[in-house]
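>>> Following is a predicted model, sequence given first.
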Amino acid sequence: MNPRLTRNELLRRGAAGGALLAFPSILAACGGGDDGGSTDGGELKTVLNFANWPLYVDEDKPTTLDDFTSQTGIRVNYFPEINDNAEYFAKVQGPLSQGQGIDRDIFVFTDNSRFPGILVNEGWVQKLDKDLIPNFENLVDAQLSPPFDPNREYSLPWQSGMTGIAWNEDLTGPVESIEQLFEDPKLNGKVSMLTELADSVGLVMLANGDDPGSVSDDTFNAAIERVQAAVDSGQISRFTGNDFAQPLTNGTFAASVAWSGDIVQLLADNPKLKWAIPSDGGMIWTDNMLIPTGGSVPTASTYMNSVYDPAVAARIAAYVNYVTPVKGAKEELAKTDPETASNTLIFPDEETLAQVKQFDSAALENDEYITLWQGVLGQ
Amino acid sequence: MGSFFHRHPRLTPYLLLAPGLAWLALFFLIPLGFLAYQSLQSGVFPNFEFTWELSNFSDAISEYREQFFRSFLYAGIATVISLLLAYPLVYWIAFRSGHWRNLFLLAIVAPFFVTYLIRTLAWLNILADEGPVVGFLQTIHVLGEGEGLLFTTLAVVAGITYNFFPFMALPLYVSLEQIDPRLLEAAKDLYASPRQAFMRVTLPLSAPGIVAGTLLTFIPAAGDFINAELLGTPKQQMIGNVIQAKFLESLDYPTAASLSFVLMAFILVGLFVYAKLVGTERLTG
């Protein structure tokens, strides 16, 4: 064996090695992971590990998390590590399916995805200790019985939000219907929709005069065809997650299907952005706190109780600009910040709530629907 | 340890190879086997069963023919453009840049100190409709009023080219840099024109660099999904996007696994054809 590698040879071997490593198959090497703790959730701990979406809790010092620590002695590690329901689910499902913890006591999933349902049905989340959550009575009536957890045994809402249409005033007048979004020639090529099936398909079903709360093959297909036609005509240029924000503010998009709270947050720096519930109606969804296998039920339940105190809920909602599921929060906020308390994007009134619908949870688990929607996304 | 190697000289190469082989087995062969096993399963998440579901493979090819084709097309174009851009650049660095050589090499690599995702996201601003590039191109009437660059095939291919450029440039540089200038002098002495000298001396001697560079660029580019995801539309989705969506969105692991295998098979076949075309002696130096 020649002990010396020529540079040439090194190059060649490097290329061969690179070729092997570059295969995407390595993606699949998931599963396993370290054990995040025992599956027995019986013990109260001094640290709470909380996984949530970015910019989804108040950050002005002292925060509600700081106050929780000074009241209970429980330190909160807040991990803003969830950017996408599917992506986060893919990350945690390996250990959870093996009965292992993920070193988190609370994580958050949106009810317009099928993941809360899977987590409950597969037994990958633990029951709340409702004795430790007397503030449960402050949960708004509309949220008492979601399809994935009819008795609220496993979950509590964190915040809700609405899906509607946002537009950039520099480029277009008001865009207040799906019809206009899909057909106005001035918007051609400057429209984005959300990749989330429930948000985008739901809005189009409403525009078709169909009920997104009870989906049939016919109504679903009609909505899909309408979106596909708008993609084919070049009207819709892209499907996005939170990343609609940058192109919408810099003028690459003129109008985007968007979440209410994001727009309220963006408005602070970009007054030219507008958001509205479409004339045919908008969608509403809720992010839910759940306790994964291995998480400490008493610690998590203690925290959940604290955020169901109307005063605490008011502070969080006022900061993140999403809809709070806690009764009395609006009245609490009105004492200190009447302007925010009267914002119907944060505290929707009866009239606003009458305009928004929740997506059919059974349809979210329909593989055929998911495949059809992926087809529209080009995948 | 030293005396051990002296006493067992035949074992030495194997012992030296062992960590590398263990690495390959642990992080490549075992996951690959697992992937093969998964690709033949059927069922609905999380209850997949091994059923020798060979139809996963035929479905993968027939349903996603378009995205496969697009992946190889985009990766191919990006590889050719990278080669055409990189060759003169690194030629100049290798032969003409003198003392500044390392600085120029560093300049090629410098953008890559920033993560892949951020680098690609930056193009969203650079190519934005209200941004400077589009504004300039509209002023000189290359782009019409209301035309843009972002979310087009051009943007995706440009993003791939940009992101994989160093994988082309660096191997090319290494092979050009080691060419003995005296060989070119000799060619000149033997009345070769500069063009002939290049075609008969420089180009053949840099062939291993070209081969290594094209492989290092083409193979990861064919599996890429970030550029199509961020800079493209549904009409530019590549096979990497489909695999990602099958794994993450649809939770259809068997189809995702079989798609990965089909991609791998296509690339391997491509490699063999390429090796035949350029001749194996070029691949092996």
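Received it, and whenever you're ready, just let me know what you need.

>>> what about residue B:217, how many neighbours?
Residues near residue B:217, counting by other Cβ atoms under 10 Å in any protein chain shown, number 30. Where C-beta positions appear, they are placed from N, C-alpha and C, glycine not excepted.

>>> pretty sure it is in a helix, no?
Yes: the assignment for residue B:217 is a helix, going by DSSP: H, G, I helix; E, B strand; the rest coil.

>>> Touching, it and residue B:169? I think so.
No: using Cβ atoms under 8 Å, residue B:217 is not in contact with residue B:169; the gap is 9.5 Å.

>>> anything in contact with each of these two?
The contact sets of residue B:217 and residue B:169 overlap at residue B:82 (Cβ atoms under 8 Å, 6 or more residues apart in numbering or on different chains).

>>> can you give me the strands for the chain?
Here I'm looking at chain A. A:47-51, A:75-79, A:107-110, A:125-126, A:155-168, A:191-194, A:236-240, A:255-259, A:273-276, A:282-292, A:356-357 (DSSP state E).

>>> not what I meant, chain B
Counting by DSSP E, chain B has strands at residues B:41-44, B:47-50.

>>> Just the residues contacting the last one, thanks.
Counting contacts by Cβ under 8 Å, 6+ apart, the residues outside strand B:47-50 that touch it are B:37, B:38, B:40, B:41, B:42, B:43, B:253, B:254.

>>> Repeat the analysis, applying 6 Å as the threshold.
Residues from elsewhere that reach strand B:47-50 (Cβ atoms under 6 Å, 6 or more residues apart in numbering or on different chains): B:41, B:43.

>>> Who does that strand pair with, and is each partner parallel or antiparallel?
Applying DSSP bridges, strand B:47-50 is found paired with strand B:41-44 (antiparallel).

>>> Chain B: which of the strands of chain A is closest?
Nearest to chain B, of all those, is strand A:236-240, at 4.8 Å by Cβ to the nearest Cβ.

>>> Tell me how many other residues surround the residue of chain A found nearest chain B.
Relative to chain B, the nearest point of chain A is residue A:378 (3.2 Å; Cβ to the nearest Cβ). Using other Cβ under 10 Å, the number of residues around residue A:378 comes to 21.

>>> Switch the strands of chain B over to JSON lines; also include mean pLDDT.
As requested, these are exported to JSON lines (pLDDT from 0 to 100):
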{"stretch": "strand B:41-44", "mean pLDDT": "90"}
{"stretch": "strand B:47-50", "mean pLDDT": "90"}
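
>>> Out of those strands, which one sits most buried?
strand B:41-44 (a mean of 14; mean count of other Cβ atoms under 10 Å in any protein chain shown).

>>> Would you mind listing the outside residues contacting it?
B:48, B:49, B:50, B:51, B:53, B:254.

>>> before we move on, what about stretch A:258-275?
For stretch A:258-275, the external contacting residues (Cβ under 6 Å, 6+ apart) are A:161-164, A:166-170, A:244-245, A:249, A:321-322, A:345.

>>> Let's see if you can find the most crowded of those.
residue A:167 (28 neighbours).

>>> is it true that that residue touches residue A:175?
Yes: assessed by Cβ atoms under 6 Å, residue A:167 is found in contact with residue A:175 at 4.4 Å.

>>> which neighbours do the two share?
Counting by Cβ under 6 Å, 6+ apart, the residues touching both residue A:167 and residue A:175 are residue A:255.

>>> What's the mean pLDDT across stretch A:79-97?
If you average the pLDDT over stretch A:79-97, you get 91.

>>> I'd like to know how many residues surround the residue in the stretch 51-200 of chain B that chain A sits nearest to.
Here the stretch 51-200 of chain B gets closest to chain A at one residue, residue B:130, 3.8 Å apart by Cβ to the nearest Cβ. By other Cβ under 10 Å, 16 other residues sit near residue B:130.

>>> got a list of what it touches?
Contacts for residue B:130 were tallied using Cβ under 6 Å, 6+ apart; they are A:250, A:251.

>>> Mind pulling the model confidence for residue A:128?
Confidence for residue A:128, expressed as pLDDT, is 97.

>>> Find the centremost residue of chain B, please.
residue B:217 (2.5 Å; Cα atoms, centre = their mean).

>>> so the residue of chain A closest to chain B makes contact with residue B:239?
No: using Cβ under 6 Å, residue A:378 is not in contact with residue B:239; the gap is 11.1 Å.

>>> Distance of residue A:200 relative to residue A:238?
Distance, residue A:200 to residue A:238, using Cβ to Cβ, to the nearest Å: 12 Å.

>>> How about the contacts made by residue A:138?
Applying Cβ under 6 Å, 6+ apart to residue A:138 gives the contacts A:308, A:326, A:327.

>>> now do residue A:84
Counting by Cβ under 6 Å, 6+ apart, residue A:84 makes contact with residue A:241.

>>> got it, and the one 3 residues further on?
Counting by Cβ under 6 Å, 6+ apart, residue A:87 touches residue B:248.

>>> My read is that residue A:197 contacts residue A:373, right?
Yes: when contacts are counted by Cβ under 6 Å, residue A:197 is listed as touching residue A:373 (4.6 Å).

>>> can you pull the contacts of the residue lying closest to residue B:87 once chain neighbours are set aside?
Once flanking residues are discounted, residue B:87 sits nearest to residue B:172: 6.3 Å by Cβ to Cβ, 6 or more residues apart in numbering or on different chains. Residue B:172 makes contact with B:86, B:90, B:209, B:213 under the criterion Cβ under 6 Å, 6+ apart.

>>> so residue A:356 makes contact with residue A:162?
Yes: applying Cβ under 6 Å, one finds residue A:356 in contact with residue A:162, separated by 5.4 Å.

>>> hey, what's in contact with both of those two?
Common neighbours of residue A:356 and residue A:162, counting by Cβ under 6 Å, 6+ apart, are A:282, A:284.

>>> Identify the residues contacting residue B:108.
Listed by Cβ under 6 Å, 6+ apart, the contact partners of residue B:108 are B:166, B:169.

>>> quick one: low-confidence parts of the stretch 151-285 of chain B?
With pLDDT under 70 as the threshold, the stretch 151-285 of chain B has low-confidence stretches at B:280-285.

>>> let's see 90
Low-confidence segments of the stretch 151-285 of chain B (pLDDT under 90): B:248-251, B:271, B:274-285.

>>> Around chain A, pick out the residues from it.
Residues of the stretch 151-285 of chain B found near chain A (Cβ under 6 Å from any Cβ of the partner chain) are B:151, B:171, B:174, B:178, B:208, B:212, B:215-216, B:219-220, B:223, B:233-234, B:237, B:241-242, B:245, B:248-250, B:257, B:260, B:264, B:285.

>>> which of those residues are buried?
Neighbour counting by 16 or more other Cβ atoms under 10 Å in any protein chain shown classes B:151, B:171, B:174, B:178, B:208, B:212, B:215-216, B:219-220, B:223, B:233-234, B:237, B:241-242, B:245, B:248-250, B:257, B:260, B:264, B:285 among those as buried.

>>> Can you list which of those residues are found in helices?
Mapping those onto helices (DSSP state H) picks out B:171, B:174, B:208, B:212, B:215-216, B:219-220, B:223, B:241-242, B:245, B:248, B:257, B:260, B:264.

>>> And the furthest pair within those residues?
Using Cβ to Cβ, the pair of those lying farthest apart is B:208 and B:248, separated by 38.6 Å.

>>> interface residues of the stretch 1-150 of chain B facing chain A?
B:13, B:31, B:32, B:35, B:46, B:124, B:128, B:129, B:130, B:150.
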